[in-house]
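S.K.: Quick one, structure for this:
(one chain, ligands or ions: 1)
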Amino acid sequence: MDNKYIDKMLSEMDKDLAKQGMSRRDAMKLAGITGAGMFMGGATSASAADENKTVKSNAKGKIVIVGGGLAGMSTAARLTLNLSDPDITVIEPQELSVSYQPGQTLVGGGIWDEDDIAYKRDDFVPDGVKIVKEKVILFNPQENKVTTDKGTVISYDYLILATGLHLDFERIRGLEEAGRAMSAGDNERLLKALGDDGICSIYTAKGATKTWEQMQKYIAQAKSGKKTKFLFTHPSTPVKCGGAPKKIMYLTNARLKEAGARENAELTFYPNGGAMFGIPEYHDAILGQFKREDFKWHYRHNLIEVDKKNKIAVFDAKWQEKGPWDPVLKDYEVIPKHEKVRVPYDFLHITPPQLAPREVAESDLGSAKGWVPVNKETLQHIRYENVFSLGDVAQVPMGKTGGSVRKQYKVLVDNLIALMNGKTLEAKYAGYTVCPLITDIGTVMLAEFDWTVKPTPSFPLDPTVERWMWWLMKVHALKPMTMYGMLSGRA
Ligand SMILES: Cc1cc2nc3c(=O)[nH]c(=O)nc-3n(C[C@H](O)[C@H](O)[C@H](O)COP(=O)(O)OP(=O)(O)OC[C@H]3O[C@@H](n4cnc5c(N)ncnc54)[C@H](O)[C@@H]3O)c2cc1C
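M.R.: Numbering: from 1, shown residues only. Down below sits the predicted model:
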């Protein structure tokens, strides 16, 4: 990676560490390592390190990127580094589109403030890239055109869909007035619908601040001696950062312990699925942590309703029963059952159902489920060869994290340029993703994996062990790496 960007990343990290009264040297000593490897190891890649050697392609064509969040803006930046005469337009309506969403968990746990994660789109538009501050409402892939909410029609030779996803709070009965939300923005409707009586969600930036306020209120209640129920949900849809619903639970637990209020609190996790994590090794490790911390959990519970007045969360609970003998299949039938379960709460953290933006889902570019159907390795649309997609909106297994985007955007750029040059698409995304699972204030389990459904650690260390060094990386290194590495197209 270019020294200029390493310097910027390290200086941001040093400023941050200085706020904690720590130098980078001290931090590394505490982490038990000797070089800068920990801070940079996960951040760089061979292709980024070779950046200066990149020969720019003379390929021509008008590239339009819809969505200027992490995926869209990083892709735009990398394209400018790889094309000699780029013609790139990014369409992005949201002023704070590049804000650092992984930090919302830390805001929710009272470790950072909202200001620590707010970043303006206009400060991150790569040189030479045109920005259109409008929202696409219509896609016309037959004619290679998009239309915005202001009526602007923009044509393209190549289209990249990077719209992220919508938070579907309105699907939960009792929260209909919340509507659909995105992570950035004022989200006033949502905050009003959640109210001030214990319901919260770190899935928006403003909601993360509210989570911390509500958490403190109910920790104080537990400290006063009142038995207090803390509930955490995980919905039936794919979600961005599958670890976040648990991370906020661990942080609540840490804050309760810190306040000396843990014995009056009951923390219960209600996931829609039947496991803690899709990778058996991480599932086992998390189960061990849950037992150690005296958490409760109920699998196959999907939050469908909130009775705000009586403070009851309503779940659709599913299970299977053995049915009659089937002489044809020579086995017992399996009968799926479900029922409504009503659970009282004091504090309810909601991870909302998530789906592709309506304008994408309902266009010819969306799949039946809404997400953009792409070849999972090349990231090219399965029907329109001049369309690509990446990030949260792409229909890629296990791919909804910034860590996945960091691998995807380089593959996409290589393949798009190959297509522009009339060559075959050779770059392949292998499904890598990463979840720095915060398990306490000061410890993180770095769960890295890919489509092999096996842990794929970048470091020769047991990946199921919770470590202080990963906490340091999560809190001090990943943000500068994202903001000054990825968003410059280099990390
Ligand atoms: C609480 C939380 C914790 C997380 N923790 C982690 C973590 O620890 N590690 C990790 O790797 N990832 C984490 N993530 C996930 C990560 O932030 C996302 O995967 C990443 O931001 C996806 O990037 P994206 O560009 O696809 O979407 P976004 O960054 O959401 O950007 C999408 C952009 O598209 C724009 N857009 C939408 N529709 C339109 C339209 N019609 N026209 C024009 N523009 C449009 C939006 O305004 C938005 O700016 C976390 C996320 C959350 C919410």
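
S.K.: Every contact and neighbour count from this point should use C-alpha atoms.
M.R.: Noted.

S.K.: The ligand contacts on the stretch 301-450 of the chain?
M.R.: Neighbours of the ligand within the stretch 301-450 of the chain, by Cα under 6 Å from any ligand atom: 391, 392, 400, 401, 402, 403, 435, 436.

S.K.: Now for the nearest residue to residue 384 once chain neighbours are set aside: which residues touch it?
M.R.: Using Cα to Cα, 6 or more residues apart in numbering and skipping the chain neighbours, the partner closest in space to residue 384 is residue 141 (7.5 Å). Going by Cα atoms under 8 Å, 6 or more residues apart in numbering, residue 141 touches 364, 365, 384.

S.K.: what does stretch 198-214 rub up against?
M.R.: Looking at stretch 198-214 with Cα under 8 Å, 6+ apart, the contacting residues turn out to be 101, 104-105, 107-110, 113-114, 167, 181-187, 191, 194, 196-197, 215, 218, 248, 346-352.

S.K.: List only those of the residues you listed flagged as buried.
M.R.: Among the contacts of stretch 198-214, those buried by neighbour count (16 or more other Cα atoms under 10 Å) are 101, 104-105, 107-110, 113-114, 167, 181-184, 187, 191, 194, 215, 218, 248, 346-352.

S.K.: Among the residues you listed, which lie within strands?
M.R.: 167, 347, 348, 349 (DSSP state E).

S.K.: Pretty sure the last one sits against residue 232.
M.R.: What it means is residue 349. Yes - with contact defined as Cα atoms under 8 Å, residue 349 reaches residue 232; the gap is 4.8 Å.

S.K.: anything in contact with each of the two?
M.R.: In contact with both residue 349 and residue 232: no residue, using Cα under 8 Å, 6+ apart.

S.K.: got any ranges where the protein has weak pLDDT?
M.R.: 1-10, 12-13, 16-17, 19-20, 22, 24-53 (pLDDT under 70).

S.K.: ok, the nearest residue to residue 465 once chain neighbours are set aside to residue 323 distance?
M.R.: Spatially, and ignoring its direct neighbours in sequence, residue 465 is nearest to residue 445 (5.8 Å; Cα to Cα, 6+ apart). Distance of residue 445 to residue 323, computed by Cα to Cα, to the nearest Å: 41 Å.

S.K.: More neighbours: which of these two?
M.R.: Of the pair residue 445 and residue 323, residue 445 is the one with more neighbours under other Cα atoms under 10 Å, namely 24 against 12.

S.K.: The more buried one and residue 238: what is the separation?
M.R.: Distance, residue 445 to residue 238, by Cα to Cα: 21 Å.

S.K.: can you check residue 78 too?
M.R.: Taking Cα to Cα, one finds residue 78 at 28 Å from residue 238.

S.K.: out of everything not next to it in sequence, what's closest to residue 482?
M.R.: residue 491 is the one closest to residue 482 (Cα to Cα, 6+ apart), at 7.7 Å.

S.K.: My guess is that neighbour contacts residue 406. True?
M.R.: Yes - counting by Cα under 8 Å, residue 406 is a contact partner of residue 491 at 7.3 Å.

S.K.: Just among the contacts of residue 141, which is most surrounded?
M.R.: residue 365 (23 neighbours).

S.K.: List the contacts of stretch 91-99.
M.R.: 64-70, 73, 117-122, 124, 131-136, 184-185.

S.K.: Since that was my last question, I'll sign off now.
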